[in-house]
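Asker: heads up, no residue letters with this:
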């Protein structure tokens, strides 16, 4: 661990005070064998009593209490601006970490300098089902979590390169984040929430950065604990449990991430899959949530913004 001793880790946790997950998350960060240099909590609850309780119970943290809901991406941007770390670990408050998570995950960044994203093995709270062992792009141009929902039978015990990292437990090299920053945004604030992790990973890849998977870095995630109603936690087809505003972000952000990052060759290669997915998605919306159609039309201005942010692929020689 000598090569890691001079590395500064900043942990950023965004909370809305849903289901009171925060305590378990912060306690697991506190108990790390390789303690982070700082813990930053962005409180989006707009509840002064809750903020005061956080400050009282965890006096060592840096706390930013927003007077209004910044949304997830904006909150993370605020946390990164406040941080001083060489490496930034972004957490949902419905996540807990194994005590060796930071120590093991840091080893991934040491493989080579062009590794800018590291994922551990993310399990569900039952410690049996897999939540993610790395983020990838599906043929439908959706975010695909490797192993999602399947029982952990030990098939993902090999360290290897991956496309990206799940946004609930996202470990980044700060130098990479600085290199792919869009004006004042690390995370695209137009996204609000959903697909922001795929956007970061795809932008990073287009700039020559790599992702890496460390199976010994274990975390536990109550899937949907921060955005779904209680009955939707850890359930499949989570869109059924989302409020309209969040469902709208889920729809529009897939288009934004494609517009910003996909090559023309890749787009036409995957167009049949994109069409089939869209046919299924819009059929579902028409039948069960038709009110979203008008809201989507009103949000079309985001597509023009995405066009202006398109990433031109390049080869990064010296990060």
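Answerer: Nice, thanks for sending it over. Owing to the predicted nature of the structure, the values given are computational and were not obtained by experimental measurement.
Asker: where are the low-confidence patches of this protein?
Answerer: Under the criterion pLDDT under 70, the flagged ranges of the chain are 1-6, 19, 225-238, 240, 312-319.
Asker: counting contacts, what elements does the helix or strand harbouring residue 278 pack onto?
Answerer: Under the criterion of DSSP states H and E, residue 278 resides in helix 264-288. Applying 3 or more C-beta pairs under 8 Å, 6 or more residues apart in numbering; DSSP states H and E, we find helix 264-288 packed against helix 244-261, helix 291-298. For every residue, glycine as well, the C-beta is placed using N, CA and C.
Asker: what comes up buried for that helix?
Answerer: 270, 274, 277, 281, 285 (16 or more other C-beta atoms under 10 Å).
Asker: doesn't residue 293 make contact with the last one?
Answerer: Yes - because the distance of 6.5 Å satisfies C-beta atoms under 8 Å, residue 285 is recorded as touching residue 293.
Asker: in the helix or strand hosting residue 26, what's buried?
Answerer: Residue 26 is part of helix 22-30, with elements assigned from DSSP H and E. By 16+ other C-beta under 10 Å, the buried positions in helix 22-30 come out as 22, 24, 25, 26, 28, 29, 30.
Asker: Pick the one among the residues you listed closest to residue 188.
Answerer: The closest of those to residue 188 turns out to be residue 25 (C-beta to C-beta; 24.3 Å).
Asker: What is the neighbour count of residue 87?
Answerer: Neighbourhood size, residue 87 [other C-beta atoms under 10 Å]: 26.
Asker: in the sheet, who's paired with it?
Answerer: On the basis of DSSP bridges, residue 87 is bridged to residue 9, residue 173.
Asker: Compute the distance between it and residue 309, please.
Answerer: 25 Å (C-beta to C-beta, to the nearest Å).
Asker: now for the lengthiest strand in the chain, which elements pack on it?
Answerer: Counting by DSSP state E, the longest strand found in the chain is strand 210-221. Strand 210-221 sits against strand 95-97, helix 101-109, strand 115-123, strand 130-132, strand 160-162, helix 196-206, with contacts defined as 3+ C-beta pairs under 8 Å, 6+ apart.
Asker: again, only using 6 Å
Answerer: If you count contacts as 3 or more C-beta pairs under 6 Å, 6 or more residues apart in numbering; DSSP states H and E, strand 210-221 packs onto strand 95-97, helix 101-109, strand 115-123, strand 160-162.
Asker: relative orientation of the third one and strand 210-221 in degrees?
Answerer: Looking back up the chat, that one is strand 115-123. Taking axes from the mean of the first three to the mean of the last three C-alpha atoms, to 10 degrees, one finds strand 115-123 and strand 210-221 inclined to each other by 30 degrees.
Asker: try the second one
Answerer: Helix 101-109 and strand 210-221 are oriented at 170 degrees to each other (the same axes, to 10 degrees).
Asker: ok, residues contacting helix 101-109?
Answerer: With C-beta atoms under 6 Å, 6 or more residues apart in numbering as the test, helix 101-109 has contacts from 4, 9, 32-34, 115, 118, 120, 171, 173, 212, 214, 216-217, 219.
Asker: closest one to residue 265 among the helices and strands packed on strand 210-221?
Answerer: Counting by C-beta to C-beta, residue 265 lies closest to strand 160-162 out of the helices and strands packed on strand 210-221; the figure is 21.9 Å.
Asker: Walk me through which strands that closest one pairs with, and which way each runs.
Answerer: Strand 160-162 is paired, per DSSP bridges, with strand 210-221 (antiparallel).
Asker: How many residues are close by the closest residue to residue 145 other than its chain neighbours?
Answerer: Using C-beta to C-beta, 6 or more residues apart in numbering and skipping the chain neighbours, the partner closest in space to residue 145 is residue 132 (4.0 Å). Per other C-beta under 10 Å, the neighbour tally for residue 132 reads 30.
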